[in-house]
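> With the sequence up front, the predicted model follows.
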Amino acid sequence: MTIADDTTTSWLRRFRSGTDQTGRLVCFPHAGGAATFFYPVATRFGPTIDVVALQYPGRQDRRAEPMVPDIATLADRITNELLQLSDKPTVFLGHSMGAVLAYEVAWRLEQRGSTHAPRTVIVSGRRAPSAGRPDAQIYLQDDATFLAELEKLNGTAMSLMEDEEMRRLTLPAIRNDYRAVETHRSEPGRRLDAAITALTGTEDPQATLDEVEQWRDFTTGAFRLASFPGGHFYLVEKPAPVMAEVDRELSALAGV
């Protein structure tokens with residue numbers, strides 16, 4: 001079965017449609033994130049690019065569905081969903097946990113010899129698997145400690161977390177995703193044929209410039225590194241230069 005280019009599913013969300021979409025951008029949200037995080041990206045590129053944002057189970061309208069507790073299983077399920085799309089030159093964009101998923105899904109598609117494999121994987125706000133710094137395992141902490149760690153990243157509207165009902169609705173998905181990414185270990189020696197473009201904020205405590213630069217070792221293709229002022233969610237703080245980087249990668253699809 002092929003999913004039509006104007007169709008939204010439980011996994012694959014489209015916020016804009018166009019008549020001449022010759023390329024595709026698949027967006028992978030961060031831990032606790034949802035497809036709507038990439039709504040501005042769809043608004044910017046939607047008329048000419050098929051922007052598909054992933055919606056993981058356990059959040060928003062999928063809140064009642066069982067969450068996926070590990071990266072490998074989630075990557076397998078996403079891979080199967082993307083294989084149902086039409087064939088277009090593709091770029092992946094993943095932020096934080098989404099960067100890990102983008103890499104893992106790209107590797108799976110390449111291993112299958114699929115034409116759905118991306119030409120470029122944009123990894124944002126995540127150090128390379130080889131960086132050597134262990135995750136803090138904050139998913140094991142009590143709610144107060146867990147929330148304090150989230151506040152350091154400035155990615156969650158912490159004022160909303162003051163509401164008990166909001167915490168009840170959102171914390172399980174965030175904690176689940178942190179468990180998935182903090183317990184994940186990439187198999188050594190995996191290199192993509194796809195190019196990798198690595199983006200990071202200069203003040204990101206989760207991904208230093210040196211740690212992000214090590215993504216170079218995870219591709220046999222081209223590698224490029226770009227940094228921007230800001231913290232872990234630099235792409236929200238000042239989106240224009242980040243959009244320019246994404247545009248650069250998407251424009252390259254025209255020659256494919």
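Okay, I see it.
> Point out where this structure drops to low pLDDT.
1, 19, 134-136, 140, 154-166, 255-256 (pLDDT under 70).
> The helix with the most length in the chain packs against which elements?
If you go by DSSP state H, the chain has its longest helix at helix 164-182. Contacts defined by 3 or more CB pairs under 8 Å, 6 or more residues apart in numbering; DSSP states H and E place helix 164-182 against helix 71-82, helix 97-111, helix 143-153, helix 158-161. Bear in mind the C-beta positions are built from the backbone N, C-alpha and C, glycine included.
> Any chance of the ones you listed in TSV with distance to Ala254 and mean neighbour count as columns?
Output for the helices and strands packed on helix 164-182, formatted as TSV (distance: least, CB to CB, whole Å; neighbours: other CB atoms under 10 Å):
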stretch	distance to Ala254	mean neighbour count
helix 71-82	21	18
helix 97-111	20	25
helix 143-153	35	14
helix 158-161	41	12
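> among those, which is nearest Pro40?
Nearest of those to Pro40, taken as CB to CB: helix 97-111 at 15.2 Å.
> what's the following helix or strand after that closest one?
Of the helices and strands lying after helix 97-111 in sequence (DSSP states H and E), the nearest is strand 120-124.
> quick one on the thing from earlier: what's next to the longest helix of the chain, contact-wise?
Residues outside helix 164-182 that contact it (CB atoms under 8 Å, 6 or more residues apart in numbering): 30-33, 56, 58-59, 63, 67-71, 74, 96-97, 100, 135-139, 143, 146-147, 150, 156, 160-161.
> again, 7 Å this time
Residues outside helix 164-182 that contact it (CB atoms under 7 Å, 6 or more residues apart in numbering) are 31-32, 58-59, 63, 67, 69-71, 74, 97, 100, 135, 137-139, 143, 146, 160-161.
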